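> The following block contains a protein sequence and its predicted model.
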Amino acid sequence: MAYLDSEVVDPERAEWEIDLFFFQFDTSLLPGVVLAGILVAVFIIYAFSGGMLDLAVSSQSIREGRIATLFTHMAAHAGLMHLWLNVTALVALSKVPIRRFGPGVRVLLAFAALLILSGLTGGLLFLAINPYGTVPMVGASGAICGLLGFAARLDPESPALVPLLSVRVGRALVDFARWNIVLFLALYLLVSSSGGMGGLAWEAHLGGFAAGLLGAPFFLGWASRGVHVEGEPPPRADGGVRDGLNP
C-alpha cells in the first residue's frame, strides 16, 4: 500500500487502497493453482478422446516399452471425484514448500523436482511391488504425498528441518498410515459393491511420501542456495537439519 505525503488523505484514494489490500492474492498458491488447471485441462481433453488409459502406468505398459507412462500417469485421473480430491490437495499443500523455499527462480525448479521425483518414486515402487500386474495406475497422489512427506520435516518454530527420528515425523507417519487405511477400505467397499476392478495405489502413496520425507534436505538446500536475507545467517547446504550436535 502507498502512503500520501500530505497529512490530509484523499477519501477515494484511501478506499481504493483498502480494497486493494483486501483483494491481494496469495502468490504461494499460484504454482498449485496452475498445476491444478493443467490437470483439469488434461482430464477434459482425454475424457472426450477416451484415451486416458494411454497415460496410465503398469508393468504391462513398461514391458511394451511405454516408459513415458512413468511420468504421464501423474496427469491422468479415473474420474471427477479422483480429480477433485487430487486438485484440492495439490492447491492446499503446494504453498507449504513454496513458502519454505523462499524467493528466487530456484523455488519453482525445486518445487517441480519435488513433485516429479515423488511421483516417479511412487510409480517405481508400485511397479516393484506389482511386477506382473496388469491393472493400470493413474493419478497425482504419489506426487502429492511427496508434499506431505516434505511438510513432515518442517519445524514450525524454526527454519531448520526436524530429524527423521523425531516426534513430529513419527506423528506424521501414523497420520499418513491412518489416512491410507481409511481410503483403502472406502475404495475397496466402493469397487466391490459396483463389481468393478481397482483400488488404492498405496504403493505410490508410500513411495511419494518417502521421497518427500528423505529428500527434504536436498530440495530445501538446493532451493535456498545463494539466497541470503540481511540480518540472518546464510542457509546451510543440508537444509538446516537439527540433531543432537547441530542445534
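That came in fine, so what should we check first?
> ranges for the helices of this structure?
With helices called from DSSP state H, the chain shows them at 11-22, 30-49, 59-63, 69-72, 80-101, 105-129, 141-152, 167-194, 202-223.
> Now do Pro156: how many residues are near it, please.
6 (other CB atoms under 10 Å). (Glycine included, C-beta is placed from N, CA and C.)
> Next one: it from His82, what distance?
Note on Pro156: its distance to His82, by CB to CB, to the nearest Å, is 31 Å.
> Likewise for Ser61?
Ser61 is 19 Å from His82, by CB to CB.
> Where does the prediction get shaky in this structure?
1-26, 103, 191-198, 225-247 (pLDDT under 70).
> Now with 90, please.
Within the chain, the segments meeting pLDDT under 90 span 1-31, 46-54, 78-82, 98-109, 132-135, 155-161, 180, 182-201, 220-247.
> which stretch among the helices of the chain comes nearest Leu161?
helix 202-223 (5.7 Å; CB to CB).
> surely Leu220 meets Phe101?
Yes. Between Leu220 and Phe101 there is a contact at 6.8 Å, judged by CB atoms under 8 Å.
> Now the common contact residues for these two.
Common contacts of Leu220 and Phe101 (CB atoms under 8 Å, 6 or more residues apart in numbering): Ala110.
> and these two? which has more neighbours close in?
Taking other CB under 10 Å, Leu220 and Phe101 do not tie; Leu220 has more neighbours (29 against 22).
> do you know how far Ser141 is from His82?
Using CB to CB, Ser141 is found at 9 Å from His82.
> Then Val167?
Distance of Val167 to His82, given as CB to CB: 33 Å.
> And these two? Which one has more around it.
His82 (17 against 8).
> Which residue is the nearest non-sequential neighbour of the more buried one?
Gly139 (6.2 Å; CB to CB, 6 or more residues apart in numbering).
> what number of residues lie near the closest residue to Tyr188 other than its chain neighbours?
Excluding the flanking residues, the one nearest Tyr188 by CB to CB, 6+ apart is Gly199, at 5.8 Å. Other residues within reach of Gly199 by the criterion other CB under 10 Å amount to 14.
> Could you number the chain from 528 rather than 1 from now on?
Yes, from this point I'll number from 528; that puts the last item at Gly726.
> if I read this right, Gly726 contacts Ala713, doesn't it?
No. Contact criterion CB under 8 Å: Gly726 and Ala713 do not qualify, at 10.0 Å.
> What are the buried residues along stretch 608-618?
For stretch 608-618, the neighbour count (16 or more other CB atoms under 10 Å) marks 609-610, 612-614, 616-618 as buried.
> which residues are contacting it?
With CB under 8 Å, 6+ apart as the criterion, stretch 608-618 contacts 556, 559-560, 562-563, 566-567, 570, 604, 665-668, 671, 674.
> Nearest to Arg698, out of those: which one, please.
Nearest to Arg698, judged by CB to CB, of these is Leu674 at 16.8 Å.
> With adjacent residues omitted, what lies nearest to the closest one?
Leu620 (4.1 Å).
> re the thing from before, which pair in the contacts of stretch 608-618 spans the largest distance?
Comparing every pair within the contacts of stretch 608-618 by CB to CB identifies Leu556 and Val665 as the most remote, at 25.0 Å.
> With neighbour numbers in mind, choose between the two.
Per other CB under 10 Å, whichever of Leu556 and Val665 has more neighbours is Val665, with 24 against 16.
> Right, I'll call it a day here.
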